[in-house]
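Peer 1: Mind looking at a prediction? Sequence and model below.
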Amino acid sequence: MTQITPAALASLAGSVPDSVVSAAELRASGVSGSEIAAGCRAGGPWQRLLPGVLLLSSAEPSRRQRLRAALAYAGEEAAITGLDAAGLDHDLDVRAGSEVHVLVPAARRTAAAGYLVVERTARMPTPVERDGLRYAPVPRAVLDAARRECDAVRLRALLSAPVRHGLCGVAELRSELDAGNQNGSAAPRAALRAVSDGVVSLTEGLARRVARGSLLPPPRWNVPIRDVTGALLGVVDAWWDEVALGWEAGAQHFRLGPQPPGRDARLSAAGVIMLRTVPEVLRRDPDGVRRDLVEAFRRAANRVRPPVHALSDHLPGG
């Protein structure tokens, strides 16, 4: 077979998702074994990411390309788990070159290779597809990562972050922990007990996600509001102090202390604009809630700010 031309190489790379392809697929498309070997030599246009899996580029592979290569190597039934699947890369610093953790059915004998950690499991989850890649559901992914985490601080952050971001609840994590392999579960179980005592509710996690996507300034969370005399008006779930806008998002169990009688009337009488959203709407229509927030912020900004103030000992926002 004649040597594949640069133009043909470029065309081939452009037709392959993320420029990641198996050697078997290349051979099936008409590229010979010798051409594959030549393309992967030092200084060549391609590189091997894992045994039998190539990147049709000489550039440093991206995290996504490493993930796709992991699935190509591990097979059609494999699913990415751990931090990549949990969606916590920004919280917990998943570096581009760090290991990728995949699950495969127990009957498969796929071996670990390179940056890839392969875990055979009899509890293969139903994968969730995102952007063309297969992932384990969040509770499973979080607990798979937790069983491998040795640092106590990172472990607690790992278990609290998905709840704080509204990705899953403490009860779901506890259920997954109980259902899974008990080897290596002692530290996650202890950390989860600590997390369940202080982590925000799933509803508040959803509210935080909605607020982050609204393009408004970051609010403060769980904030006691007082009038000019110092009297407590109430505690609001989220507070934009610059315009005295409060948001009630249904996270009632995690407020700072009991609400005073007639809280809503007191806040309104003091001039506070309050937006109220029930948890079901948070889940069903987050974009609509964001529009409501923006409109409420606009109304609050267009009136004279009332003389109310927020206490400084609020819980930090996320």
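Peer 2: Received it, and whenever you're ready, just let me know what you need. Because the structure is predicted, anything quoted here is derived from the model rather than measured.

Peer 1: Export whatever helix or strand residue 204 lives in to PDB, keeping only CA atoms.
Peer 2: Assessed by DSSP states H and E, residue 204 sits inside helix 202-212. Extracted C-alpha coordinates of helix 202-212, given in PDB (Å, rounded to 0.1, in the frame of the first residue of the first chain):
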ATOM      1  CA  LEU A 202     -29.500  19.200  48.300                       C
ATOM      2  CA  THR A 203     -32.100  22.000  47.800                       C
ATOM      3  CA  GLU A 204     -29.600  24.600  48.800                       C
ATOM      4  CA  GLY A 205     -27.000  22.900  46.500                       C
ATOM      5  CA  LEU A 206     -29.400  23.300  43.600                       C
ATOM      6  CA  ALA A 207     -30.000  26.900  44.500                       C
ATOM      7  CA  ARG A 208     -26.300  27.600  44.500                       C
ATOM      8  CA  ARG A 209     -25.900  26.000  41.100                       C
ATOM      9  CA  VAL A 210     -28.800  28.200  39.700                       C
ATOM     10  CA  ALA A 211     -27.300  31.300  41.200                       C
ATOM     11  CA  ARG A 212     -23.900  30.600  39.800                       C
END
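
Peer 1: If you count contacts, what does it end up packed against?
Peer 2: helix 152-164, strand 232-240, helix 279-284, helix 286-301 (3 or more Cβ pairs under 8 Å, 6 or more residues apart in numbering; DSSP states H and E). In short, each C-beta sits where N, CA and C put it, glycine included.

Peer 1: could you give the angle of it to strand 232-240?
Peer 2: 50 degrees (axes from the mean of the first three to the mean of the last three Cα atoms, to 10 degrees).

Peer 1: Centre-most residue in this protein?
Peer 2: Central residue of the chain (Cα atoms, centre = their mean): residue 87, 2.6 Å from the mean position.

Peer 1: just checking, that residue touches residue 166?
Peer 2: No: using Cβ atoms under 8 Å, residue 87 makes no contact with residue 166, being 10.8 Å away.

Peer 1: on that earlier part again, which one of the helices and strands packed on helix 202-212 has the most crowded surroundings?
Peer 2: strand 232-240 (a mean of 24; mean count of other Cβ atoms under 10 Å).

Peer 1: related to what we said a few turns ago, need phi/psi at the nearest residue to the residue nearest to the centre of the chain once chain neighbours are set aside.
Peer 2: Counting by Cβ to Cβ, 6 or more residues apart in numbering, the nearest residue to residue 87 once its immediate chain neighbours are dropped is residue 167, at 6.3 Å. Phi and psi for residue 167, reported as degrees, to the nearest 10, are phi -90, psi -30.

Peer 1: OK, contacts around residue 167?
Peer 2: Contacts for residue 167 were tallied using Cβ atoms under 8 Å, 6 or more residues apart in numbering; they are 86-87, 138, 205.

Peer 1: separation between it and residue 135?
Peer 2: 12 Å (Cβ to Cβ, to the nearest Å).

Peer 1: same thing with residue 277?
Peer 2: Distance from residue 277 to residue 135, by Cβ to Cβ: 29 Å.

Peer 1: Next: residue 82.
Peer 2: 10 Å.

Peer 1: same question, residue 222
Peer 2: Going from residue 222 to residue 135 by Cβ to Cβ gives 32 Å.

Peer 1: what does residue 145 give?
Peer 2: Using Cβ to Cβ, residue 145 is found at 12 Å from residue 135.

Peer 1: Residues that sit against both of the two, list them.
Peer 2: Common contacts of residue 145 and residue 135 (Cβ under 8 Å, 6+ apart): residue 81.

Peer 1: Can I get stretch 292-311 as CSV, trimmed to CA atoms?
Peer 2: Coordinates of each C-alpha in stretch 292-311 appear next as CSV, following Å, rounded to 0.1, in the frame of the first residue of the first chain:
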residue,chain,number,x,y,z
ASP,A,292,-36.7,35.5,37.8
LEU,A,293,-33.5,36.3,39.8
VAL,A,294,-32.2,38.7,37.2
GLU,A,295,-35.6,40.5,37.0
ALA,A,296,-35.8,40.7,40.8
PHE,A,297,-32.2,42.1,41.0
ARG,A,298,-33.1,44.7,38.3
ARG,A,299,-36.2,45.8,40.3
ALA,A,300,-34.1,46.0,43.5
ALA,A,301,-31.4,48.0,41.8
ASN,A,302,-33.9,50.5,40.5
ARG,A,303,-35.3,51.5,43.9
VAL,A,304,-33.7,53.3,46.8
ARG,A,305,-31.9,50.7,48.9
PRO,A,306,-33.7,50.4,52.3
PRO,A,307,-31.7,50.8,55.5
VAL,A,308,-31.3,47.1,56.4
HIS,A,309,-28.0,45.3,57.0
ALA,A,310,-26.8,41.7,57.0
LEU,A,311,-24.9,40.2,59.9
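
Peer 1: List the buried residues for the helix or strand encompassing residue 65?
Peer 2: Element membership of residue 65, judged by DSSP H and E, is helix 63-74. Buried positions in helix 63-74, judged by neighbour count with 16 or more other Cβ atoms under 10 Å: 64-74.
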